[in-house]
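Trainee: this is a predicted model, with the sequence first.
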Amino acid sequence: MADRRGIAGIGSISLALAVLAPLAACSHGEDEPAGPHRIDAGPLVHLSAEGKVDPSKPVTVTAVAGSRLTDVTVVGPDGRVVAGRLADDQRSWQTTGRLKAGTAYAVRIAADDGRNGRGDTTQNFSTLAAQRLLTAELGPETSGSGVYGVGQPLTVKLSEAVKDPQARQEVERALTVTSQPAVTGAWYWVDDTHVHFRPEEYWPAGTTVGLAFDGTGSRISDGLYGGDRSSLRLRIGARVESVVDAAAHELTLKRDGEVVRTIPVTTGKPGFDTRNGIKVVLGQERSVRMNGETIGIKAGSSESYDLDVLWATRVTWSGEYVHAAPWSVGSQGYENVSHGCTGMSTDNAKWFYDNTRIGDLVTVVNSRGDTMEPFGNGFGDWNVSWTDWVKHSALGQPVSTTVPSSQAPAAGMARPEV
C-alpha cells in the first residue's frame, strides 16, 4: 500500500512552487529592458567616399552622435578584403590597406544606435581609373632550385621609366626586402627603369630572402599608380668565392672561408686582358659555341676562333667565362694566352662548374685589363663602394631587412639547403 504521507508531501511541494512561480515572474516588473531590435543602419553612418575617389587616399566611415560602429568590411570584386582600423571609441573606421585604381568596392557596415537598436547597411564606392599602372619584374628568377650565391643582387625592372626624384621615392617605399637573418642593405637606381638591392656586405650563408613590390593604389606621379603586387623568395647557399690571380696564373676557390682547391689557369693575353674586379656568376652551360666574331675578331684572322666549349660558367654578358680550354693546358699556370676568359683543363672546369652556382663570386686580380663595370655587362654591383651605393637610393638611406614577427620561421624549422 502506498505511503500516504509521501503523496501528501509531493503535493505540498507542487503547491508551494505554484504559489512562488507567479511571484518570480513578476519580480522585476516593468524594469526589465527590452531585447535588441533591428534597425536600418544607413542613417547612423557616413561614408567619406563620394563618386570616384583617389585610390591613394584612405576611405573613412563615421557614426552619427550617440551611435557606434560594430563592424566595417570593405570588399573588392575579387573578394579581397581591404584592411582597416576601428577607432577605440568605435566612432570611426579607416582603411589601412591599399585600394586598387579603377575598382568598385562594397562597404558593409554594422552599427548600434545606443538605444539597443542594431542593424547594418551596404554602401558602395569606386576608385579613379589610373591612366597608367606601374608594375615590377623582380629578379632573380626563382623557378629552379631557388638557391643562389652570397653575391646575388636583387633586381627590379619597372614597366615604364620613373625619373622624378619624388616618384622614385614612392617606388622605393613600395619595395620591401626581408631576410632571416636581417641585414643592412640599400637600393641603387641603375637607370630610370632598373633598380638593384644589395646588402652592405655579402649575404650571410644560409639566409632566406624575400622581395616584394606592393604599389597597389600608390600614386607614383600624375596619372601613374602602382599596379598589382609581385613577390619572390630565394635562399642563399654556402659562401663560395673564387679569386683569379692573373699574374700568378691560378684560381683559388674558397667555401665558407676555407680553401678547397687551387687550379692552374690562363687568362686574357695583351689586347684581350681579363677585367679586374668582382663579378657574379650569371649562368652555367655544359656546352657553348664560342666565335671570335662576337667580340669583333675578323673571321680567318690569326686571332679568329670557332669552338664548342665545355663546362662554361658565365661571369659577363659580353662573353667572359670560366671554362674548359684543353688547347691551352701547356700554358695554364704559366702564361696568359686567352681572349679574355679564364681557361683551365677539362677536368678542373667540370669540377669548378659542379662546385659553383649562380650568384657566387669570381674576383679577378692583377690583370692588366680594365675594372669590371658596375652595370650593363653583368653584376659588378660589388665594385661600388657602400657610401656611393647608398647615395644612389632615392630615399638616400640604408634599410634593415628585419622579418616581421608574423613571417618569422617557426621554431625547429629546417635550415635552408646550402
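Mentor: Right, received. Where do you want to start? All values derive from a computational prediction rather than experimental measurement. Residues are numbered from 1 along each chain as shown.
Trainee: the residue nearest the centre of the chain: which element?
Mentor: What sits nearest the mean C-alpha location of the chain, by CA atoms, centre = their mean, is residue 211, with 1.4 Å. Here residue 211, judged by DSSP states H and E, is contained in strand 208-213.
Trainee: let me know the next secondary structure element after that strand.
Mentor: Following strand 208-213 in sequence order, the next helix or strand is strand 219-221 (DSSP H and E).
Trainee: run through who's touching that following strand.
Mentor: For strand 219-221, contacts defined as CB atoms under 8 Å, 6 or more residues apart in numbering pick out 54, 55, 56, 134, 162, 164, 166, 167, 170, 171, 225, 226. All C-beta spots, glycine's among them, are computed from the backbone N, C-alpha and C.
Trainee: only whichever of those are buried, select them in ChimeraX.
Mentor: Listed next is the ChimeraX selection for buried residues among those, using 16 or more other CB atoms under 10 Å:
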select :55,56,134,162,167,170,171,225,226
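Trainee: out of the contacts of strand 219-221, who's nearest residue 243?
Mentor: residue 171 (36.2 Å; CB to CB).
Trainee: double-check that the closest one belongs to a strand.
Mentor: No - counting by DSSP: H, G, I helix; E, B strand; the rest coil, residue 171 falls outside a strand, being helix.
Trainee: helices and strands of this protein: which one has the lowest mean pLDDT?
Mentor: helix 4-25 (a mean of 42; mean pLDDT, DSSP states H and E).
Trainee: just the buried positions in stretch 103-116, please.
Mentor: Judged by neighbour count using 16+ other CB under 10 Å, the buried positions of stretch 103-116 are 103, 105, 107, 109, 110, 111, 112, 113.
Trainee: between these, which sits nearest residue 121?
Mentor: residue 109 (5.4 Å).
Trainee: who does the closest one form a beta bridge with?
Mentor: residue 72, residue 121 (DSSP bridges).
Trainee: state the pLDDT value of it.
Mentor: What the model reports for residue 109 is a pLDDT of 96.
Trainee: in the protein, where is pLDDT below threshold?
Mentor: Scanning the chain for pLDDT under 70 picks out 1-35, 143-144, 292-293, 302, 304, 306, 404-418.
Trainee: sorry, back to before: from the buried residues of stretch 103-116, which land in strands?
Mentor: Using DSSP state E to define strands, the subset of the buried residues of stretch 103-116 located there is 105, 107, 109, 110, 111, 112.
Trainee: looking at the residues you listed, which is nearest residue 284?
Mentor: residue 105 (48.4 Å).
Trainee: residues contacting the closest one?
Mentor: 59, 74, 75, 76, 82, 99, 124, 125, 126, 127.
Trainee: nearest to residue 315, of those?
Mentor: residue 99 (44.7 Å).
Trainee: OK, contacts around that closest one?
Mentor: Per CB under 8 Å, 6+ apart, neighbours of residue 99: 53, 55, 56, 59, 82, 105, 127, 216, 217.
Trainee: sec struct for it, please.
Mentor: Residue 99 ends up coil, using three-state DSSP.
Trainee: isn't the residue nearest to the centre of the chain right next to residue 154, touching?
Mentor: Yes - between residue 211 and residue 154 there is a contact at 5.0 Å, judged by CB atoms under 8 Å.
Trainee: tell me the strands beside the next helix or strand after the least confident helix or strand of the chain, with direction?
Mentor: Proceeding C-terminally, helix 4-25 gives way to strand 37-40 as the next helix or strand, assigned by DSSP H and E. Its sheet considered, strand 37-40 pairs with strand 117-127 (parallel) by DSSP bridges.
Trainee: just how off-centre is the partner strand within its chain?
Mentor: The chain centre lies 35 Å from the centre of strand 117-127; the measure is CA atoms, centre = their mean, to the nearest Å.
Trainee: cool, and stretch 40-53?
Mentor: Centroid separation between stretch 40-53 and its chain, computed with CA atoms, centre = their mean, is 36 Å.
Trainee: buried residues, stretch 336-348. List them.
Mentor: Using 16+ other CB under 10 Å as the test for burial, stretch 336-348 gives 336, 337, 338, 339, 340, 341, 342, 343, 344, 345, 348.
Trainee: measure it end to end?
Mentor: 17 Å (CA to CA, to the nearest Å).
Trainee: stretch 181-201 now?
Mentor: Stretch 181-201: ends 13 Å apart by CA to CA.
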